[in-house]
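Asks: 3D, please:
(chains A, B and C)
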Amino acid sequence: MGGDMADSAASRGIDAARLVRPGIGEDIHRLAAELYPICRSITGDGVRQSLDILDRHLALERTEVPTGTEVLDWTIPREWNIRDAYVKASDGRRVIDFERSNLSVLSYSIPVRAHMRLAELRPHLFSLPDEPDRIPYRTSYYAERWGFCLAHRDLEAMADDDYEVVIDSELKDGALTWGEHVHRGASADEVLLSAHICHPSLANDNCSGLAVLALLGAALSGVATRFTYRFLFAPGTIGAIAWLAANEARACRIKHGLVVSCLGDSAAPTYKRSRRGNAVVDRAMAHIVATSGPGGRTIAFSPYGYDERQYGSPGFDLPVGLLQRSPFGEFREYHTSADDLDFIRPEHLAHSFGLVASLIEIVENDGLFINLAPKGEPQLGRRGLYTLIGGDKGAPARQMAMLWVLNQSDGSHSLLDIAERSQLSFSAILAAARTLEEAGLLAPARAQDRPQA
Amino acid sequence: MGGDMADSAASRGIDAARLVRPGIGEDIHRLAAELYPICRSITGDGVRQSLDILDRHLALERTEVPTGTEVLDWTIPREWNIRDAYVKASDGRRVIDFERSNLSVLSYSIPVRAHMRLAELRPHLFSLPDEPDRIPYRTSYYAERWGFCLAHRDLEAMADDDYEVVIDSELKDGALTWGEHVHRGASADEVLLSAHICHPSLANDNCSGLAVLALLGAALSGVATRFTYRFLFAPGTIGAIAWLAANEARACRIKHGLVVSCLGDSAAPTYKRSRRGNAVVDRAMAHIVATSGPGGRTIAFSPYGYDERQYGSPGFDLPVGLLQRSPFGEFREYHTSADDLDFIRPEHLAHSFGLVASLIEIVENDGLFINLAPKGEPQLGRRGLYTLIGGDKGAPARQMAMLWVLNQSDGSHSLLDIAERSQLSFSAILAAARTLEEAGLLAPARAQDRPQA
Amino acid sequence: MGGDMADSAASRGIDAARLVRPGIGEDIHRLAAELYPICRSITGDGVRQSLDILDRHLALERTEVPTGTEVLDWTIPREWNIRDAYVKASDGRRVIDFERSNLSVLSYSIPVRAHMRLAELRPHLFSLPDEPDRIPYRTSYYAERWGFCLAHRDLEAMADDDYEVVIDSELKDGALTWGEHVHRGASADEVLLSAHICHPSLANDNCSGLAVLALLGAALSGVATRFTYRFLFAPGTIGAIAWLAANEARACRIKHGLVVSCLGDSAAPTYKRSRRGNAVVDRAMAHIVATSGPGGRTIAFSPYGYDERQYGSPGFDLPVGLLQRSPFGEFREYHTSADDLDFIRPEHLAHSFGLVASLIEIVENDGLFINLAPKGEPQLGRRGLYTLIGGDKGAPARQMAMLWVLNQSDGSHSLLDIAERSQLSFSAILAAARTLEEAGLLAPARAQDRPQA
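Replies: Numbering: from 1, shown residues only, chains lettered A, B, ... in the order given. Below you'll find the predicted structure:
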C-alpha cells in the first residue's frame, strides 16, 4: 500500500462509524429472517429467490451458467429443484416432512417414489445420535443418491412399518446462478466481499453473512471510495469456481478480500488468514479482531473451509481471508436445525457488520504520512492538543495516539503499521492523524519523503 | 559494531566489576540525599544548585539558554524561581507550607498574594483522594496558573475560613540550564547517559538517576575507553529539546544511549527499548536485565516516558533506551511525597549502577573473534582449562562459556551475540574470551576472517 | 533441497513403515544386552569386542589410529586395557570388585598394586551421596590417575582396615578404533548416523544407540536410496575428532546427520538442533518429534553434549543434531549403575528406531511438486478421492493431506514445508502426494515451474 496513495489525506476517506447506523443489527436480522425459510442448494430456484430478496436492498447483477459448462476442473451440474418430500407411515402420518424443515431432505436428492419397509429405508436416513433432537444438514451433490435427515429421537421412534417414500425433486439441465454488486471507486483495484448462498434453513450459516453484506453494500451507496467493492453472493465451491472461471483474467484486480459466514452467534470473532498469511487484509483483520473486544482471535490459513479455499488456490493465490464468529464445525448448532433464527442475534450481527466496516475503513484510509516537525516532539500544548496540568500517571488515549502517529510518521510506517505497533485501534490512529493534519503537523508522504534504506 | 574493532583484543578494555567499588550504593544514596531537598523545576536556581552539588563529584560544563530562544518546535520559557508559598488560616497557622514540602506548590505557579474563602481557593488545590496522606506532584509549565498540592486528609480538614494565600514566585526572562560531562575515548563516537534534573523533592524520580550517573562518571575518570561518554543532566522534555537543538549536527555521533530514572526502588530492573527496537543498546540492555537477577524485563518502545521520547523522535531516531527499576507511573509512590529518601535504598542504587556499568562493559568490549583451532574442539584439558575427571552431569559455567566462545567464534558472531545465544552473562563470555586469547586459542577477527556469505 | 530433485517422483522412494518391522524393539534390546557387559573405554579391546558384535548385524569397516597420531588439536592416547581390579579387606573379602561391575574402576585408571589404610585410599573413591545405592561412572582420560567408584552405602560401610588395592590395567602404545558401515545411494551426498561406543555397562547410554543404528543399517540393506548413509560407531570426543581428522576433505559431503544416544528409556523424544539451528535435519527432526506422539520436544543447540559438538565445531559446521529420549544429565539413572538393561525397554527402542527411520523417509522423499490443476480445487470427488456425502464437521485426515498438498504445491513449497505448515505427519503428506500423482493431479516440479520471485 505504497506510493499510489501519496496524494491521499487522512482528513478525507470514510469511517467505519459512518457506515454503522443505529438499528443496523435489527435490520440485518430481519433480512436474514426473510432468507431463512428458502430451500437453497448449489443450483435452483432457491438461489434465485434469495437473490430476489437481497436485490431489494442492493441492486444485483445476476449470472446464469448453463449446466454442462466446464468451469476450471469442474462441470456445472444439472439444476436441482424440489417441490415436496415426505416419508408417510401406513397410518397416513408424515413422519418426515419437507414442509416442516427443508433440512429433512438430503440436498440434491434424486426423485424417489416408492413403498418400503424400514430396513430398506434405513440406509437413506441420516441423524445425529449425539444431538437427538436436531435434524442434521447433509448433501450429495456429485453422487446420485437420495435420503432424508431427521432427529435421532424421531428415527428411533419409527416402527417397522410399510412407508410411502416420496421425494418430488427434479434434476435437469438448467443453470447455476450467482448475484453480484459492484460499487465503483476511484481505482479499478477491487475489494471482494463474498458470502455463500447455497445452504437452506441455516441462519448463522449463512443467512447472517448474506444479510450483513447486502446491507453493508447498501450503506456504501453514494459514498466515494478509493477502492472498487465487489459483493458476491454465489453458491459455495462450485459457485466460486464458476465465478473464478468467468473472471480468470480479472481476478488479479482483487487486492483485498473477505469471505464471511456465521456472523450472528454470540462468540467473539475469528479471522482466518488468507493463504498468503500476512497480506494487508490479514494484518488489517488481525488488528481489527484483536482490538474489537475481548476474545477475538486470528487463526492460520488452512485449505479447508469456505470459498477462501478457491480464491486461495495456488493458481489464483488471492489475498482473501475468512471472517466468522464461531468457526464452522466448532459450534454444536453447526449444520443442524438448531442453527435457527434464535441462534443469531441483532447485537452480534451489528458487531460483525462493524468489523467488515472497519476493514473498509482501513483499506480506504491507510497510507504513509510524514511528521512535519520531526525533531523532538512538537509542542502539542500550545496547539490545544495536550493536557496542560502535568504530573499525572498516564496520558489519555487520544494523546497517546497523537504521540504514536508523530513518532512513527517518517514516511516508512503506514497508519496500519502504527496501529499494530501501538496496539491502539486503527480508528484512534486515524482520528489522531486527522487532528495532526489539521494542526499542520502531518502530511501525506511523498515518494521523496521516504527514508533512504 | 563491526570491522572497526578488528584490532581490539578481549584482554584489554574495562570491566563492569572494575567500576563497581564497595560502598558505591551508600555513596549514591548520600549524594541523592544532598540533591533531595532542592526545589528544582525546568528552569531556575534549583537546577543550578543541583548542578553545583553534582559538580563536586563530576566536573560539569554548564550551558544557559536564554528565555525566548527558539529550540526546535519550542521556545525557552521564562525562568521560574520561588522564595516562599503558603496558605494561612485566620488563626495564623500555615495549613499549606512550601517550607515543609516543595511539592506543596504547583510547579511554575505564577505569583499570587490574596485573601479568599475556601470555595474560591478550592479549584487551585490538588490532592489524591486514593492516597490521602500523600502530597501529589503537579506542574503547569505552559499555561499560566497557580495552585497548591496537599494531602487529601489535610484538604478535608480545611474549614471554610478566610485564607491568606501567598506564592512568592517569580517568572522572568532568564535561562534554561543544563550540565554535561564528556569523558573522551579513543573514538569520537559517543555513548549518551542522560538523567532529568527538573523534579523537586522526589528521591527515586530522579535524585537516584542523577546520583548514579554522576558517580559512574567519576568512576570512569582516568580510564581509557573506546567510546566517548557524555553525561547529561538536563531538565525533562524542554531541556532535552534544547540540547538537541544545540547539538543537531553532532547528535548522530551518539551510537548508544540510555536515559535513567527511578534507579533506587526495590523492583527488578525494567529496560524500555529505543525507537529502533533492536539497536545494540537494546540488545545489550535486554541481555543485562535478563541476566542480572530474577524479574528483570524488557519492554517495547512507546513515545511516552522520559527523554528517550525526544532522542527517539523521527528526525533524530537515536538509539537511546530507558533504564528504570519500577517504571514511571506504575508504582504507588510515583509523583507523590512518598517518593522520599526511604524509598530508595543503597543496595538497589548499587545494583542499578552495576547495570549501567555492564552496558559500558559491553560496548567497550564487544567484538568479533576467531577460534584459532576451529576444527573439532581444542583440547582444553591439556591447557589446564577443563575439569579432568569426566562423567559428571554438567560442565561448570566457566567451561560452558569457553565452549560457547570457541563454537561461535567464526568471525560472524560477536561476544554479545554469543552471550545472547548462550544465555550466559556477557561478563562470563568476556572472561572466557580473555582466557582463550591468553591460551592462544582465540584472536580478534580481521576482515578476511569473516565467513563468506 | 532443491533443483536436483526435480526428477524425483513421490511414488518411488522408501517409507519409514517399510523399515520398521514387527519385533524390532525386542531385537534391538537383545543386541543392546549383548553389548552391555563389555568394559568399553575410548580405546582398547572393549571397543573391538563391541564392533565384533555389531558386525554380525551390519558389516563394518574398522579403522585403527595408532597412539601418538595427531588428530586436529588432539593426540591419540595410549591404549587402555584392564583385566581385573578390586579392593580387598583384611578378611579377604573384595569390598570393591571390577568383576561385579565394570563401573567400579575409574575409566583409564593407571595400574596400582598396594596396601593402604582407608584414609589413604579415600581420595581415590567416588560415590554418590544422593543416590547411595548406585555406582557412579567416572573417567580420567587425560590425567594419570587411578580410582574406584562404588555405592555410597558401601563406602560408608568400609572400616578403617588395611586394604589390598589392585588395578590390573595397562596403558601402552596401541590404537584407537572405530567402525563404520556405508550404504551407497544414488548420490555421493551423505547422511551421517553416529553413536558413541566408549561407555562401559550403561544400557541407555549408549548400548541403545549402538543397537538401534546397527539394526537400522541392516534394515536398509538392499534398499535403493537417494542418499549414501554412513553409520559410525566411534568413541566419544576423541573418536569423532579422529574420524574428522581422517575425513577432513570429505566431511562436507555430509548433508544431514544425527548423533543418537539414550534411545531406550520411557521419556518422550528430545531433539537437539545442530549448530546451524534450522538445517533440513533440524526441520525434519523437529517435525518428527512433534508429530510422533505427546511430549516430544526440540531444544536449541549448545556446544556441550555428544559428538554433535565436534561435527558442529566452527571449522566443520556440519548439520548434525542429536536425538535422545531423556537428555543426558537430566535423568537420575544417568552415568550410574541404574542405567541397566531394565531401564531400556523394547517399545521405546522401537519407537526411537522409527524416529530415525522417519528422518530417512523425509530426506529420501522430500521435494518440490506442482499442482497440475492449480486454479480452484480440482474435483476430487469424481476421482474417487473425496467423501461424497457433504455437510460433516470436518474432513478426514487423508483428505486434509490432499488439500494441503494441492494448495501448497506451486513449486515453492516442499513436502516437508507442507508437513510443517499443515502440522500433519510427513508420512501423511507423502501418501497424499503419491495418491495425487497417481491421479494425474501432481507432478515433480521442474526448474521452470518455480514461481518468479
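Asks: show me which residues of chain A sit near chain C.
Replies: When proximity is defined as CB under 8 Å from any CB of the partner chain, chain A approaches chain C at A:71-74, A:107, A:136-143, A:145, A:237, A:240-241, A:244-245, A:248, A:275, A:300, A:302-304, A:309-310, A:312-317, A:329, A:334-335. For every residue, glycine as well, the C-beta is placed using N, CA and C.
Asks: quick one, which of the residues you listed are buried?
Replies: A:71-74, A:107, A:136-142, A:145, A:237, A:240-241, A:244-245, A:275, A:302-304, A:309-310, A:312-314, A:316-317, A:334-335 (16 or more other CB atoms under 10 Å in any protein chain shown).
Asks: helices of the stretch 251-400 of chain A, start to end?
Replies: In the stretch 251-400 of chain A, the segments counted as helices under DSSP state H, counting those that start in this stretch are A:280-291, A:308-311, A:346-365, A:397-408.
Asks: highest average neighbour count across those?
Replies: Of the helices of the stretch 251-400 of chain A, the one with the most neighbours on average (mean count of other CB atoms under 10 Å in any protein chain shown) is helix A:308-311, at a mean of 26.
Asks: mean confidence score for that one?
Replies: Helix A:308-311 comes out with an average pLDDT of 98.
Asks: contacts for that helix?
Replies: For helix A:308-311, the surrounding residues in contact (CB atoms under 8 Å, 6 or more residues apart in numbering or on different chains) are A:192, A:194, A:237, A:240-241, A:244, A:251, A:254, A:257, A:259, A:272, A:274-275, A:301, A:303, A:316, A:318, A:320-322, C:376-377, C:403, C:407.
Asks: now, the residues of chain A next to chain C that are in strands?
Replies: Using DSSP state E, the members of the residues of chain A next to chain C that fall in strands are A:71, A:74.
Asks: what about stretch A:274-294, distance to the chain center?
Replies: Averaging C-alpha positions (CA atoms, centre = their mean, to the nearest Å) puts stretch A:274-294 14 Å from its chain's average.
Asks: where do the strands sit along the stretch 101-250 of chain A?
Replies: A:112-117, A:125-126, A:148-149, A:162-172, A:175-183, A:190-196, A:228-234 (DSSP state E, counting those that start in this stretch).
Asks: between the ones you listed, which gets nearest to B:I38?
Replies: strand A:190-196 (61.2 Å; CB to CB).
Asks: what does the closest one contact?
Replies: A:206, A:209-210, A:212-213, A:216-217, A:227-236, A:239-240, A:253-261, A:306-307, A:311, A:318, A:320, A:356, A:359-360, A:363.
Asks: so what strands line up beside it?
Replies: strand A:228-234 (parallel), strand A:254-260 (parallel) (DSSP bridges).
Asks: between those, which one is nearest to B:R382?
Replies: Closest to B:R382 of the strands paired with strand A:190-196, according to CB to CB: strand A:254-260, at 65.7 Å.
Asks: show me which residues of the closest one are buried.
Replies: Within strand A:254-260, the residues that count as buried by 16+ other CB under 10 Å are A:254-260.
Asks: pLDDT of it, averaged?
Replies: 98.
Asks: ok, stretch A:226-245 next?
Replies: 98.
Asks: start and end of it, how far apart?
Replies: End-to-end span of stretch A:226-245 (CA to CA, to the nearest Å): 27 Å.
Asks: can you pull the contacts of A:D417?
Replies: A:Q408.
Asks: what's the burial count for A:A157?
Replies: By other CB atoms under 10 Å in any protein chain shown, 10 other residues sit near A:A157.
Asks: TSV for the strands of the stretch 101-250 of chain A, including distance to B:G367 and mean neighbour count?
Replies: As requested, these are arranged in TSV below (distance: least, CB to CB, whole Å; neighbours: other CB atoms under 10 Å in any protein chain shown):
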stretch	distance to B:G367	mean neighbour count
strand A:112-117	84	13
strand A:125-126	72	19
strand A:148-149	73	28
strand A:162-172	78	18
strand A:175-183	60	22
strand A:190-196	52	26
strand A:228-234	56	24
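Asks: so which of those strands comes closest to B:W178?
Replies: Closest among the strands of the stretch 101-250 of chain A, using CB to CB: strand A:190-196, at 53.1 Å.
Asks: just want the angle from the closest one to strand A:175-183.
Replies: Counting by axes from the mean of the first three to the mean of the last three CA atoms, to 10 degrees, strand A:190-196 points 140 degrees away from the direction of strand A:175-183.
Asks: excluding sequence neighbours, find me the nearest residue to A:P346.
Replies: Spatial nearest neighbour of A:P346, excluding adjacent residues (CB to CB, 6 or more residues apart in numbering or on different chains): A:G25 at 3.2 Å.
Asks: make sure A:A119 is actually in contact with A:D160.
Replies: Yes. Contact criterion CB atoms under 8 Å: A:A119 and A:D160 qualify, at 7.3 Å.
Asks: okay, now whichever residue of the stretch 101-250 of chain A sits closest to chain B: neighbour count?
Replies: Nearest to chain B, among the residues of the stretch 101-250 of chain A, is A:R226, at 25.9 Å (CB to the nearest CB). Here the count is done by other CB under 10 Å, and A:R226 has 21 residues near it.
Asks: any idea how far A:V363 is from it?
Replies: 7 Å (CB to CB, to the nearest Å).
Asks: any low-confidence regions in the stretch 51-200 of chain A?
Replies: Of all residues in the stretch 51-200 of chain A, none has pLDDT under 70.
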